[in-house]
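Q: Attaching a predicted model along with its sequence, questions to come.
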Amino acid sequence: LVPSYTRGGTCIGCGLQSGIQVLEDGGQSARGGILLLITDGQENEYPNIDTVKPDLISKGVAVDTIALSSNADDKLATLSNDTRGLSYWESEDQQSTALNDAITATITTRLGGSQSVPLQLVSSKVDIGGGGIYNDFLNIDSTVGKDTVFFFLWTTSAISVTLTRPDGNIIDDTSSEYTSDVAKKSVVIAISGLAMSGTWYYEIHSTHSQTVEVAIQSEARDGVEPIHIFSRLSDVLITETPPKAAIYVQVTQGYS
């Protein structure tokens, strides 16, 4: 649904104003609304961020930002901070999973107490040589296992995946839970019922050298509080030389 045309410039303020219009459609209040802004360029058309920001603050709209590459506007993180939104940076490095992680987090962090929130168990990229095999594993604890999905996204050529349950049973391309989509360059394994607690092993086979992204998510079991991990930096912008920052990590289970 993203428009395929370009204007030839970057008007971040125009996008933010359009977002406010969507939130206020039908006479609704924009208060409590969240906009997700993704950009890779400096703003060079009016209105700019500073012009629109007071309207966002007065209307109570949070702006989550994803800055793509080092060329992104340095005002993005400040915009998120001033509107009580979240800010992320995607370096566009071949091994980075930040874009997928940020889009996931902008949703899941807003639903903290809900048991139906997808929990990200694994997010990584792996390099596989031609004709190579990559092996790895994860532990699924007893608080999760509902609606568990394994995503494998390839870049060059189709892959095959073998998944081994904790009891030794195997899921592969002959299983009903296994879906391979060439158009989307993906293999998706959606576990039926509750995923068994214990160690799950996955094996990725590739005929060509390429990078494969692995994302695994699950939800809390009914009536069970899942374990959440949240992290943040001490400052949105780090300007000191040498840089100084603290990383805060919070681990919770319900109100514990």
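A: Happy to help now that I have it. Because the structure is a prediction, the values reported are computed rather than measured. Residues are numbered from 1 along each chain as shown.

Q: Sheet partners, orientation included, of the helix or strand harbouring Gly145?
A: Assessed by DSSP states H and E, Gly145 sits inside strand 144-153. Neighbouring strands of strand 144-153 in its sheet, by DSSP bridges, are strand 186-190 (antiparallel), strand 210-220 (antiparallel).

Q: could I have the shortest one exported to PDB, CA atoms only?
A: Read that as strand 186-190. Taking C-alpha atoms only, strand 186-190 is exported to PDB below (Å, rounded to 0.1, in the frame of the first residue of the first chain):
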ATOM      1  CA  SER A 186      10.400 -17.200   3.000                       C
ATOM      2  CA  VAL A 187      10.000 -20.400   4.800                       C
ATOM      3  CA  VAL A 188       7.400 -20.200   7.700                       C
ATOM      4  CA  ILE A 189       6.800 -23.000  10.200                       C
ATOM      5  CA  ALA A 190       3.700 -22.300  12.300                       C
END
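
Q: and Ile170, how many neighbours does it have?
A: Counted with other C-beta atoms under 10 Å, residues neighbouring Ile170 total 12. Using the backbone N, CA and C atoms, a C-beta is placed for each residue, glycine as well.

Q: Do you know the pLDDT at the closest residue to it other than its chain neighbours?
A: Of all residues beyond its chain neighbours, the one nearest Ile170 is Thr164 (5.5 Å), with distances taken as C-beta to C-beta, 6 or more residues apart in numbering. As predicted, Thr164 sits at a pLDDT of 98.

Q: Likewise for Ala158?
A: 95.

Q: To what extent is the closest residue to it other than its chain neighbours buried, counted in neighbours?
A: In this structure, Ala158 finds its nearest non-sequential neighbour in Val182, 6.1 Å apart by C-beta to C-beta, 6+ apart. Val182 has 9 neighbours, counted by other C-beta under 10 Å.

Q: now Leu68
A: Neighbour number of Leu68 under other C-beta under 10 Å is 18.

Q: which one is it nearest to, not counting chain neighbours?
A: Here the residue nearest Leu68, using C-beta to C-beta, 6+ apart, is Asp40, at 3.6 Å.

Q: Let me know the secondary structure of Ser80.
A: helix (DSSP: H, G, I helix; E, B strand; the rest coil).

Q: if we can go back for a sec, flag whichever of the strands paired with strand 144-153 has the least confidence on average.
A: Averaging pLDDT over each of the strands paired with strand 144-153 puts strand 210-220 lowest, since it has a mean of 94.

Q: Quick one: residues in contact with the helix or strand of the chain with the lowest mean pLDDT.
A: Ranked by mean pLDDT, DSSP states H and E, the helix or strand of the chain with the weakest confidence is strand 227-233, at a mean of 83. Strand 227-233 is contacted from outside by 109, 112, 119, 141, 143, 245-253, using C-beta atoms under 8 Å, 6 or more residues apart in numbering.

Q: Tell me which of these fall in strands.
A: Among these, DSSP state E puts 119, 247-253 in strands.

Q: Any of those residues buried? List them.
A: With neighbours counted by 16 or more other C-beta atoms under 10 Å, these contain buried members at Leu119.

Q: wait, what's in contact with the residue of the chain positioned farthest from its centre?
A: What lies farthest from the middle of the chain is Gly27; by C-alpha atoms, centre = their mean that is 31.3 Å. Applying C-beta under 8 Å, 6+ apart to Gly27 gives no contacts.

Q: what's across from the residue lying closest to Leu153 once chain neighbours are set aside in the sheet?
A: Take Leu153 and drop its neighbours on the chain: the residue closest to it by C-beta to C-beta, 6+ apart is Glu213, 4.3 Å away. Under the criterion DSSP bridges, Glu213 forms beta bridges with Lys125, Leu153.

Q: Glu213: how many residues sit nearby?
A: 19.
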